[in-house]
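**Q** sequence below, structure please.
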Amino acid sequence: MSSAAENVRQQNAATGAGRDVLIVALLGLGVVATRLPYLHNFAFMGKDGPLYIQALTLDRTFDVPMPGNIGYVLLGKLANLFLANPIHAYLAVNIALTCVGVAFTYLFAMLIVSRPLAVATAFAFACNPLVWWHGAVIASYPVWLAVMPSIGYFGLRFVRGRAFRDLLGTTIALGIGMILRPDLLAFGSPLWFGCLALGRARWRDWLIAIAILATACAFWFFGTAWVLGGVEIYLERVRAKSEGDAEGFSFHRRGLVEGLLRNGTKYGLFLAWSSALCLIPFSIAVVRRLGSLSSSRWRGTLLALLWVGPSWYFSFFVFAGNAGLIFPFLPLLYLGAAQGFDFWLGRRGAVKPAIAMGTLGLLSALQFVATPLVRETNQRQVILNVMFFRHTGAGIQARYNHNLDDYGISPSLASVTRQIKAPEPIPYFPPKN
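**A** Take a look at the predicted model:
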């Protein structure tokens, strides 16, 4: 009997794995199919787009935002071997990273909700307007979309099962992520550490994992230093970038209003524009968790804080520059929303939560494809376009690549608030792209 039961279990596991592969493939095809209509030949993302294209030479002119994102540039160079247009190469990288992020969002959701709801969650995540928009701009923020849920997926499996392969999975995901974006050393390491600690990893496994991460750190650090011409040059460039971010709108330099409050407001507006419909079910999940914190839920809450805490600290206290800064949190937001729908609607079966999440995804897709840019006749309309409406299909098609500074408009919280209430004429218009 035990042998027969084991055979049935293995057959069910193989069937489930086959379904997961098929679902991941279909989700990936959906991501590619919806991004292809927005392919273009324009270097989006302000000044950073041309800088990333120039960085493909891997010489002393390398000037992408520090700490360099050398792995992301290398992926662009690899794609450039197959796609002659460097813009298309980078966009292919971003679309591939989005596919990875959607896949691991589905796999992670499978650990906590039903398969139909997990599929709907990954679908809704792929339809998020900011996620969609970043498939058409040259920016490395989609690295966070791919890496954070992969660290979380393997990490939670390790916490539950303590399998060495899952420890390797979460470690390798973090290591690759740090090569692509070195700031994942700060954003991803706490989650990785929490998973290994809660999973009670053996000291030997800790050493193996640390050795893998140390190798990854050495690769991006010395690799970038070699491209720039030396360690001292690299460290000076990193220091200058950090000083620039802090000088701009950090809480330490600009105080409570123009520092913390401005950063928090900007982050909140980006989050609301892209994911407002997720916030209600996410809040339901948070309230339910805090209302009944068993030992397992305490661990889940702690891991969630380790997931989002570092990026929130940077965005609120240091610099909330671009909409992509919500990406470390975004997969967790959708996973929490899935749990919220499950708590709210799941008592009568798995269909209603999946329909609710799928509807959310369709509304997000409609927001992306149907929202127009507003005609710019005063500063309020420019602010609305720059903050919100540029992150749409219409923004891509219009090659809207401007920031407030390009119009001579101050980005300070006081000025933006004043212009929203009583808009003034636009000081000047930037050249059309």
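**Q** where along the stretch 151-300 of the chain do the helices fall?
**A** 164-180, 184-187, 189-198, 203-228, 231-249, 251-255, 262-291, 295-313 (DSSP state H, counting those that start in this stretch).
**Q** I'd like the distance between the closest residue to residue 32 other than its chain neighbours and residue 131.
**A** Counting by C-beta to C-beta, 6 or more residues apart in numbering, residue 32 lies nearest to residue 95, which is 6.1 Å off, once chain neighbours are set aside. Heads up, the C-betas are built off the backbone N, CA and C, glycines and all. Taking C-beta to C-beta, to the nearest Å as the measure, residue 95 falls 11 Å from residue 131.
**Q** so those two - more neighbours on which side?
**A** Neighbours per residue (other C-beta atoms under 10 Å) separate residue 95 from residue 131, with residue 131 holding more: 30 against 21.
**Q** and the gap between the more buried one and residue 168?
**A** 28 Å.
**Q** could you do residue 56 as well?
**A** Distance from residue 56 to residue 168, by C-beta to C-beta: 32 Å.
**Q** could you pull up the residues touching the residue nearest the centre of the chain?
**A** Compute the mean C-alpha point of the chain, and by C-alpha atoms, centre = their mean the closest residue is residue 327, 2.7 Å away. Counting by C-beta atoms under 8 Å, 6 or more residues apart in numbering, residue 327 makes contact with 130, 131, 134, 141, 142, 144, 145, 148.
**Q** can you rerun that using 10 Å?
**A** 101, 128, 130-131, 134, 139, 141-148, 187, 270, 274, 311 (C-beta atoms under 10 Å, 6 or more residues apart in numbering).
**Q** among the residues you listed, which ones are in helices?
**A** 101, 130-131, 142-148, 187, 270, 274, 311 (DSSP state H).
**Q** pLDDT below threshold where in the protein?
**A** 1-15, 293-296, 347-348 (pLDDT under 70).
**Q** how does it divide up, domain by domain?
**A** Using automatic domain parsing, the domain parsing of the chain gives 2-370, 375-433.
**Q** okay, the ones you listed, which one's buried deepest?
**A** Among the domains of the chain, the stretch with the highest mean neighbour count (mean count of other C-beta atoms under 10 Å) is domain 2-370, at a mean of 19.
**Q** my guess is the residue nearest to residue 32 contacts residue 145, does it?
**A** No - the criterion here is C-beta atoms under 10 Å, and residue 95 misses it with residue 145 at 11.3 Å.
**Q** quick check: neighbours shared by the two?
**A** Common neighbours of residue 95 and residue 145 (C-beta under 10 Å, 6+ apart) are residue 134.
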